[in-house]
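Student: Below: sequence and its predicted model.
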Amino acid sequence: MLVSLYTVRVVLEVLGAEDYGIYNVVAGVVTMFSFLSGAMATASQRYFSFNIGRQNYEQLEKTFSVTLTIYILLIFVIVVVAESFGLWFIYNKLVIPDNRILAAKWVYHFSILSFAITLITTPYMSSIIAHENMNVYAYVSIIEVSLKLFIVFILKKLPFDKLSMYGVLLFVVGFINTSIYRGYCKKHYVECKFKLGWDKELFKEISNFTGWSIFGAFSTVARNQAITILINQFFNPIIVASRAISSQVSYALTVFSANFNTSLYAPIVKEYALDNKTKMYSLIFNGCKITFILMWFFALPLCLRMEYVLTIWLNRLPEYVVFFTILSVIEVLINSISLPITTAARAPGKMKEYELVLGSLQLLIFIVSFIWIKYFDGTAEIVFYSAILINLIMFIVRLYIVNLLITLPIRKFMIEVLIPVLVVVLFSGLPAYFINRIFPQNFSSLLLITIITSLSSLILFFLVGLTRDQKLVLIHKIKAKIT
């Protein structure tokens with residue numbers, strides 16, 4: 001997360017605000033197709049984990065081969081659509097200065113190639129997650145972000161157009177990443193060897209699950225990218241860049257919380273496969289609490305000192321970037337507590353109602369923003385206000401639907417998760433707000449506020465967020481480390 005955030009600073013410095021805004025808009029057209037990889041990743045992880053939980057390794061091999069075949073077909077369809085309709089959209093609809101059209105074209109083509117190889121990586125990555133080899137997942141992720149930082153420093157030295165070469169070098173990083181995942185999986189997992197054959201019933205089952213997951217994933221990506229294009233159409237490139245920077249911060253935080261929850265995905269699905277609901281509920285409740293608290297550690301001092309932190313990070317701040325980023329962080333906080341619940345919703349494999357309702361609510365964020373900006377002369381902040389409000393509604397709806405799917409006890413969830421979380425937020429957030437107003441904007445104050453907020457949040461979480469048994473286990477582990 002930290003390397004990713006620093007990389008954004010260097011990229012912005014090398015490309016400049018205008019080219020950085022162009023890159024995010026152009027690459028965003030391709031990113032809109034990422035709903036397919038997200039949906040397929042969800043399906044792969046669910047079926048791999050389910051079969052491992054039931055120790056059905058023959059079915060696991062069939063699932064991998066069918067899944068990989070579907071990915072290859074999707075890549076073909078995406079490349080055709082992206083190089084036809086997508087290219088037309090770039091030339092005719094996006095607002096790009098004439099002297100940057102050629103560079104934008106290079107970025108677009110290599111973004112398509114990068115996306116294709118990322119898509120083919122997904123079943124291999126899903127196998128690693130299903131086997132719970134999270135150390136491999138962590139190491140490769142660190143290598144990936146380090147390479148992305150390395151290529152930006154290379155970019156400074158190259159005599160070519162910076163924007164064009166950035167797209168090329170990102171493709172190279174994606175290729176290396178794919179090669180590592182594929183090589184590891186083929187060596188360690190017997191099911192990751194592609195075998196010719198076809199299972200019609202399995203294809204139908206995975207396609208049904210994936211179809212509704214695609215709608216949910218599409219609604220998320222479409223909302224994000226459509227709003228980027230909306231801002232591009234109604235506001236200047238500097239505001240587009242400000243929104244892109246805020247999105248990078250929220251994306252880095254989202255990846256942090258999502259990666260933590262990646263480790264919960266396989267255990268939750270496996271416990272569901274074994275019909276061990278008590279253990280599954282425990283994983284969900286603890287996952288929700290810990291995910292939120294981890295995010296709160298970062299979010300509270302960051303929001304209190306956002307202008308100072310962004311100044312250190314970026315040197316020069318585009319207009320609105322501070323306010324945009326604070327609102328983005330708030331949205332990520334709201335979503336973080338829902339991530340284990342989302343995993344639990346996928347365990348039964350019945351996705352229609354869940355994805356249809358929540359996906360529609362996601363699209364409503366763009367619809368509300370568009371109407372307000374176009375017909376009521378709204379400012380760009382409306383996209384963030386809409387997102388925060390509708391994500392709160394989605395949290396309530398998500399709880400209700402998951403209760404129907406796996407009989408998740410809502411009352412117990414509120415007592416064991418929501419109340420402790422609200423206590424931590426209230427009794428650490430309010431004192432931190434008033435303390436923040438006393439100290440000047442400098443690094444020493446930032447460090448002091450971070451220590452105060454982290455300690456207060458940690459102590460409060462220990463007191464109200466952990467059960468008696470969890471407190472005893474934690475104390476025992478701390479004593480063992482000390483002695």
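Tutor: That came through, no problem. Numbers count the residues shown, from 1 in each chain.
Student: From the chain's centroid, how far away is the strand or helix carrying His476?
Tutor: For His476, the host element (DSSP states H and E) is helix 468-482. Computed by C-alpha atoms, centre = their mean, to the nearest Å, the chain-centroid distance of helix 468-482 equals 32 Å.
Student: how about the CA coordinates for it, as CSV?
Tutor: What follows is helix 468-482, C-alpha atoms only, in CSV (Å, rounded to 0.1, in the frame of the first residue of the first chain):
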residue,chain,number,x,y,z
ARG,A,468,-13.1,-12.7,27.0
ASP,A,469,-11.5,-15.8,25.4
GLN,A,470,-9.9,-13.7,22.7
LYS,A,471,-8.4,-11.3,25.3
LEU,A,472,-6.9,-14.2,27.3
VAL,A,473,-5.4,-15.7,24.1
LEU,A,474,-4.0,-12.3,23.1
ILE,A,475,-2.5,-11.7,26.6
HIS,A,476,-1.0,-15.2,26.6
LYS,A,477,0.7,-14.6,23.2
ILE,A,478,2.0,-11.2,24.3
LYS,A,479,3.5,-12.8,27.5
ALA,A,480,5.0,-15.6,25.4
LYS,A,481,6.7,-13.1,23.1
ILE,A,482,8.1,-11.0,26.0
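Student: what is the rounded mean pLDDT of it?
Tutor: Mean pLDDT, helix 468-482: 82.
Student: which other residues reach that helix?
Tutor: With C-beta atoms under 8 Å, 6 or more residues apart in numbering as the test, helix 468-482 has contacts from Asn286, Phe462, Leu466. No exception for glycine: its C-beta is placed from N, CA and C like everyone else's.
Student: The closest residue to the second one other than its chain neighbours - how many residues pack around it?
Tutor: Okay, so that is Phe462. Nearest residue to Phe462 in three dimensions, chain neighbours excluded: Lys471, at 6.8 Å (C-beta to C-beta, 6 or more residues apart in numbering). Counted with other C-beta atoms under 10 Å, residues neighbouring Lys471 total 13.
Student: how far away is Lys471 from Leu399?
Tutor: To Leu399, Lys471 is 27 Å away according to C-beta to C-beta, to the nearest Å.
Student: Buried members of the contacts of helix 468-482 into ChimeraX, please.
Tutor: Selecting the buried subset of the contacts of helix 468-482 in ChimeraX, with 16 or more other C-beta atoms under 10 Å as the burial test, is done by:
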select :286,466
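Student: between the contacts of helix 468-482, which is closest to Leu418?
Tutor: Asn286 (13.8 Å; C-beta to C-beta).
Student: what sits against the closest one?
Tutor: Here Asn286 is in contact with Gln470 (C-beta under 8 Å, 6+ apart).
Student: What does the pLDDT read for it?
Tutor: Reported pLDDT for Asn286: 90.
Student: Does it lie in a helix or a strand, and which?
Tutor: Asn286 belongs to helix 277-304, assigned by DSSP H and E.
Student: Just the buried positions in that helix, please.
Tutor: Neighbour-count burial for helix 277-304 [16+ other C-beta under 10 Å]: 280-281, 283-304.
Student: again, but for stretch 142-154
Tutor: Glu144, Val145, Leu147, Lys148, Ile151, Val152.
Student: does the first one really touch Val173, like I thought?
Tutor: Put plainly, it is Glu144. Yes: under the criterion of C-beta atoms under 8 Å, Glu144 makes contact with Val173 at 6.6 Å.
Student: so where's this protein uncertain?
Tutor: For the chain, the stretches flagged by pLDDT under 70 are 1, 4-5, 8-9, 17, 28-39, 94-95, 196-198, 483.
Student: Please go through it and pick out the longest helix.
Tutor: helix 237-273 (DSSP state H).
Student: Also compute the angle for it relative to helix 277-304, please.
Tutor: 160 degrees (axes from the mean of the first three to the mean of the last three C-alpha atoms, to 10 degrees).
Student: Let me see the ranges of the helices in the stretch 351-483 of the chain.
Tutor: 352-376, 382-406, 410-413, 419-438, 443-460, 468-482 (DSSP state H, counting those that start in this stretch).
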